[in-house]
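**Student:** missing the sequence, but the structure's below:
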């Protein structure tokens, strides 16, 4: 199929009121920015919850500094209560996965980048896009509200295993559990609407000349992610509705006492949950690929392998969910099957890492802040990927399952991976969003300090987990075998506080540069993407006339480029022919 | 301070720890290749005036190499792992002469039912003790796991044994302790606000000690 563009060749937009322009906007770029502010806020909320977890694990029984402002149902005499601790870990996971990392990667960058990078005027369905944002915000508010209801938010982990999550008499949570379920159903709707939009836009709205294999890897990754989203989120919604019915209507889907199945909730959750893990990493991989090619001034190494690796990871992602359940009492033979599929995911992951290295090989590396964070991503994602192999090998999983080792692993993938990629992406596309550059100096300082404190926080968790410390326990010091490790928990807590403090640099840089940042030139990174043919920030409707695309996205240092070391997709050389626009669809 | 897995306390520790070490070596090599490669490239190929990057779109040979090596390694690792997985977790691997105990988990305690002097579970001389697991060294023990309310997970780090106890399911996990002494049993699956304190003592006795303990408990009646 060749690239097609059904949108009119010119886009004209009337001036709009502030409300239409910035609040109830249908402009994909503004919606992306709305997602950015909202999900950065939830990232902060998730971080604040993490700090309290860190306090409790490092200094169990000691009064939490500033804990006096919390109500007595959470903190007594400044000391975190066990039920509040369980709520902290549950809601930290919930906020970070559903309201910070996922919307930051998909809500922000699928919205912002897809039309800009494929040469489209907007999303296929701008109003549905607006609905998707407002639903996500509504879901976030419902989730936040659960802190303010009697008995507070969920106490069954972000995974909500039944029967604990299905039985208020066992969990001690009533309204909070219902709000979690309702919020997730609303969020799922937002995700599905967004994903359908991204898929349709990529298929139908590519500019003339933007063939499938001229799409940047960021667009490929976001496209495949959208397919995962539209298939996975409804499963989670179904599970959440069943859980809600068990809690409210007295059904017994998950309650074995009345004939239900406890393991069913895990199967449903992880059938969604494992593709979700790839929803949380594929867009990061895609954007990092764009940034590493730019920083290396070289075409991406093995573009086609990279595309097939994305597809391979997405496909394998559907048949590995059982590795979360090796200890669950599921038939051990199933464990064998899931082990093999899980180990195989190492193959496309390795292909990606080696191709990023291949891209840097014999390059001419520019260490701008996005590039530094992208290299940080590759080195940290590698650790996260490799530590996964320990738990994929079922016998080794026996001692490591549900210990701090898995906590270390997920943070290497989601913080070392996704969040470093986001620091790169936010800095990289900031000029396109706001017309200004973020400070290079503060950005570099933030990267190096984050890199150091991040490793100091999460690497020792591997060792704590090897020693056997179970995850989600309120006080490790009551176990004799864990007591000797407590100094390392203290070290982790101090490192985590430092890691959090360093993020003030990022927040400051982000907010300060909005008004005071250096004005961005049109193509600040000397990049090839279609978005850099537009002014910063780009106007509503993006291009006056639908642009033509003349080549692939990574023609850095191409011989035809002459003195320059990049050759954008929108530049027409004398030897280039204009692409033939696809015929308009027949009128019905 | 401990920097390794807990001391070995069961026959599972041998193969599991060896496999752990093998994976550590394999992943360690991969890690060194990637990280040293990245640092080398960062230094060697940093931008300098007058230099231009080498224009290439990739190499099929390189792709084949770095697809094949991880694939072969992972399949081999899977086959070796599966061998031990079956020995540890498969129902058929439970030794027929194993000594059966009942472990019933509930928020937030472990109720251990012993077969009593007759050595058989489900007879009238059974007795139940809260939060104490007594076993004999060098004898296979099969733990029949059940749960009263929510999912719990039976975890003794020294035995390298973890198995969820799921309401509505009857799951048997077995092990054979290799040294006498006192250990701890913890719950590894979040089971509510008291999850952290769901702790039991594990005592591994010599056969004589164990017999004496059973006789004493049977005489004193169950708890």
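**Tutor:** Now that the structure is in, tell me what you want to look at. Computed from a predicted model, the values in this text were never measured in an experiment. Numbers count the residues shown, from 1 in each chain, chains lettered A, B, ... in the order given.

**Student:** can we go C-alpha only for contacts and neighbour counts from here?
**Tutor:** Will do.

**Student:** Spell out, range by range, the helices that occur in the stretch 1-150 of chain A.
**Tutor:** Under the criterion DSSP state H, counting those that start in this stretch, the stretch 1-150 of chain A carries helices at the ranges A:18, A:28-58, A:82-94, A:102, A:111-118, A:126-145.

**Student:** Check which helix or strand the residue of chain B most remote from its centre maps to.
**Tutor:** Distance from the centre of chain B peaks at residue B:50, with 57.6 Å (Cα atoms, centre = their mean). Following DSSP states H and E, one finds residue B:50 outside all helices and strands.

**Student:** contacting residues for it?
**Tutor:** Shown in contact with residue B:50 (Cα atoms under 8 Å, 6 or more residues apart in numbering or on different chains): no residues.

**Student:** coming back round to it: relative to residue A:434, which of the helices of the stretch 1-150 of chain A is closest?
**Tutor:** helix A:28-58 (9.3 Å; Cα to Cα).

**Student:** Go through the closest one and flag the buried ones.
**Tutor:** Neighbour-count burial for helix A:28-58 flags A:28-36, A:38-40, A:42-58 (criterion: 16 or more other Cα atoms under 10 Å in any protein chain shown).

**Student:** now it against helix A:126-145, angle please.
**Tutor:** Angle of helix A:28-58 versus helix A:126-145, following axes from the mean of the first three to the mean of the last three Cα atoms, to 10 degrees, is 20 degrees.

**Student:** what helices or strands is helix A:28-58 leaning on?
**Tutor:** Counting contacts by 3 or more Cα pairs under 8 Å, 6 or more residues apart in numbering or on different chains; DSSP states H and E, helix A:28-58 is packed against helix A:82-94, helix A:111-118, helix A:126-145, helix A:486-516.

**Student:** Just list what the worst-scoring helix or strand of chain B on mean pLDDT packs against, helices and strands only.
**Tutor:** The helix or strand of chain B with the poorest confidence is helix B:207-220; it has a mean of 92 (mean pLDDT, DSSP states H and E). Under the contact criterion of 3+ Cα pairs under 8 Å, 6+ apart, helix B:207-220 touches strand B:132-136.

**Student:** quick one: is the strand it packs on near chain A?
**Tutor:** No: counting by Cα under 8 Å from any Cα of the partner chain, chain A has no neighbours in strand B:132-136; the shortest distance is 14.6 Å.

**Student:** what are the pairing partners of that strand, and which direction each?
**Tutor:** Within its sheet, and counting by DSSP bridges, strand B:132-136 is paired with strand B:200-205 (parallel).

**Student:** any idea of the mean pLDDT in the strand it pairs with?
**Tutor:** Averaging pLDDT along strand B:200-205 gives 98.

**Student:** rewinding a little: report the inter-axis angle for the least confident helix or strand of chain B versus strand B:132-136.
**Tutor:** Using the same axes, to 10 degrees: helix B:207-220 against strand B:132-136 is 140 degrees.

**Student:** from the chain's centre, how far out does stretch A:335-352 sit?
**Tutor:** 21 Å (Cα atoms, centre = their mean, to the nearest Å).

**Student:** which residues sit against it?
**Tutor:** Outside stretch A:335-352, the residues that reach it (Cα under 8 Å, 6+ apart) are A:305-306, A:309-310, A:312-313, A:316-317, A:319-323, A:325-326, A:385, A:389, A:392-394, B:63, B:66-67, B:70-71, B:74-75, B:78, B:82, B:85.

**Student:** Low-confidence regions, chain B specifically.
**Tutor:** B:221-223 (pLDDT under 70).

**Student:** for it, what spans make up the helices?
**Tutor:** For chain B, helices defined by DSSP state H occupy the ranges B:13-44, B:60-89, B:207-220.

**Student:** Save the ones you listed as JSON lines, and put in mean neighbour count and distance to residue A:415 too.
**Tutor:** Formatted as JSON lines, the helices of chain B follow (neighbours: other Cα atoms under 10 Å in any protein chain shown; distance: least, Cα to Cα, whole Å):
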{"stretch": "helix B:13-44", "mean neighbour count": "16", "distance to residue A:415": "18"}
{"stretch": "helix B:60-89", "mean neighbour count": "17", "distance to residue A:415": "25"}
{"stretch": "helix B:207-220", "mean neighbour count": "14", "distance to residue A:415": "50"}
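
**Student:** Any idea which of those gets closest to residue A:190?
**Tutor:** That would be helix B:60-89 among these, by Cα to Cα, at 37.0 Å.

**Student:** Compute the number of surrounding residues for residue A:430.
**Tutor:** Neighbour count of residue A:430, defined by other Cα atoms under 10 Å in any protein chain shown: 21.

**Student:** any idea how far it lies from chain B?
**Tutor:** Residue A:430 sits at a distance of 24 Å from chain B (criterion: Cα to the nearest Cα, to the nearest Å).

**Student:** What distance do you get for that residue to residue A:507?
**Tutor:** Plainly put, residue A:430 is 13 Å away from residue A:507 if you go by Cα to Cα, to the nearest Å.

**Student:** Same question for residue A:402.
**Tutor:** With Cα to Cα as the criterion, residue A:402 and residue A:507 are 33 Å apart.

**Student:** hmm, back to that, mean neighbour count, distance to chain B and mean pLDDT added to the helices and strands packed on helix A:28-58, as JSON lines?
**Tutor:** Compiled in JSON lines, the helices and strands packed on helix A:28-58 are given as follows (neighbours: other Cα atoms under 10 Å in any protein chain shown; distance: least, Cα to the nearest Cα, whole Å; pLDDT from 0 to 100):
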{"stretch": "helix A:82-94", "mean neighbour count": "23", "distance to chain B": "5", "mean pLDDT": "97"}
{"stretch": "helix A:111-118", "mean neighbour count": "26", "distance to chain B": "21", "mean pLDDT": "98"}
{"stretch": "helix A:126-145", "mean neighbour count": "21", "distance to chain B": "20", "mean pLDDT": "97"}
{"stretch": "helix A:486-516", "mean neighbour count": "18", "distance to chain B": "8", "mean pLDDT": "98"}
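
**Student:** Distance to residue B:133 for these - can I get that in TSV?
**Tutor:** Listed next are those as TSV, based on distance: least, Cα to Cα, whole Å:
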stretch	distance to residue B:133
helix A:82-94	26
helix A:111-118	57
helix A:126-145	42
helix A:486-516	26
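
**Student:** how about these, which one is nearest residue A:205?
**Tutor:** Residue A:205 lies closest to helix A:111-118 among the helices and strands packed on helix A:28-58, at 7.5 Å (Cα to Cα).

**Student:** what residues are up against the residue in the stretch 451-588 of chain A that chain B sits nearest to?
**Tutor:** Closest residue of the stretch 451-588 of chain A to chain B, Cα to the nearest Cα: residue A:473 (4.6 Å). The contact partners of residue A:473, taken as Cα under 8 Å, 6+ apart, are B:190, B:195-196.

**Student:** Check those residues one by one and keep those near chain A.
**Tutor:** Near chain A, by the rule Cα under 8 Å from any Cα, you find B:190, B:195-196 out of those.

**Student:** Could you report the distance from residue A:108 to residue A:135?
**Tutor:** 14 Å.

**Student:** likewise residue B:77?
**Tutor:** Residue B:77 is 45 Å from residue A:135, by Cα to Cα.

**Student:** One more: residue A:493?
**Tutor:** For residue A:493 relative to residue A:135 (Cα to Cα), the value is 35 Å.

**Student:** Same question for residue A:478.
**Tutor:** For residue A:478 relative to residue A:135 (Cα to Cα), the value is 44 Å.

**Student:** Next up, phi/psi of the closest residue to residue A:470 other than its chain neighbours, please.
**Tutor:** What sits nearest to residue A:470 in space, not counting adjacent residues and going by Cα to Cα, 6 or more residues apart in numbering or on different chains, is residue A:403, at 4.1 Å. Per-residue torsions, residue A:403: phi -110, psi -180 (degrees, to the nearest 10).
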